[in-house]
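Q: No letters, just coordinates:
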């Protein structure tokens, strides 16, 4: 019996999905940073030089899935939630006019800092805000005006 082309495609994607799920369960290397969880064909090479918002979100979701499966205590859940909050905050600052790479660099610098601390340490929040402030500025029209909508702009 000959398989139709669409059935062949379905079989290929089912196989890819199965391989993807296995890779989430059994990482081939020790993942330290969020981007280490990126598991795609395009991830070959130095992904840190060409990180996109899509790659970052994909890696963050894969990291979340990995940790959700392996969480053993409320402390670990809190750590993961704090990391996701920081990532979501940075993602909320990015827009069509803003450069995601600057925000990702801030996040990665925080990840490096967290190697010595924990995500729920207040110093991490302060460090994150400092890094964001280095890359972000307010438009002059919103400064001092309580009623205006605050828009963020990446400064170059």
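A: Looks like it came in fine. Everything numeric in this text was worked out from a predicted model, so none of it was measured.
Q: The protein: strands as residue ranges?
A: With DSSP state E, the ranges of strands along the chain come out as 136-137, 153-154.
Q: Please point out the stretch among these with the lowest average pLDDT.
A: Least confident of those, judged by mean pLDDT, is strand 153-154 with a mean of 46.
Q: Residue 36: how many residues sit nearby?
A: 18 (other C-beta atoms under 10 Å). Quick note: C-beta positions are derived from backbone N, CA and C, even for glycine.
Q: low-scoring pLDDT stretches of this structure, where are they?
A: For the chain, the stretches flagged by pLDDT under 70 are 1-3, 26-29, 39-49, 73-75, 96-98, 136-156.
Q: Do you have the helices of it handy? List them.
A: Using DSSP state H, the helices found in the chain span residues 5-25, 53-70, 74-93, 100-114, 122-135.
Q: from the middle of its chain, how far away would stretch 21-39 be?
A: How far stretch 21-39 lies from its chain's middle: 13 Å, per C-alpha atoms, centre = their mean, to the nearest Å.
Q: Over to stretch 106-121?
A: On C-alpha atoms, centre = their mean, the centre of stretch 106-121 falls 13 Å from that of its chain.
Q: Next, the buried residues of that stretch.
A: 106-108, 110-111, 114, 119 (16 or more other C-beta atoms under 10 Å).
Q: which of the residues you listed lies closest to residue 89?
A: residue 107 (9.3 Å; C-beta to C-beta).
Q: For the closest one, give its distance to residue 36.
A: Residue 107 is 13 Å from residue 36, where distance means C-beta to C-beta, to the nearest Å.
Q: Then residue 88?
A: In terms of C-beta to C-beta, residue 88 sits 19 Å off from residue 36.
Q: And residue 119, by the same measure?
A: Distance from residue 119 to residue 36, by C-beta to C-beta: 16 Å.
Q: Please apply the same query to residue 91.
A: From residue 91 to residue 36 the distance is 18 Å (C-beta to C-beta).
Q: Count the neighbours of residue 123 for me.
A: Residue 123: 12 neighbours (other C-beta under 10 Å).
Q: Many thanks, we can stop here.
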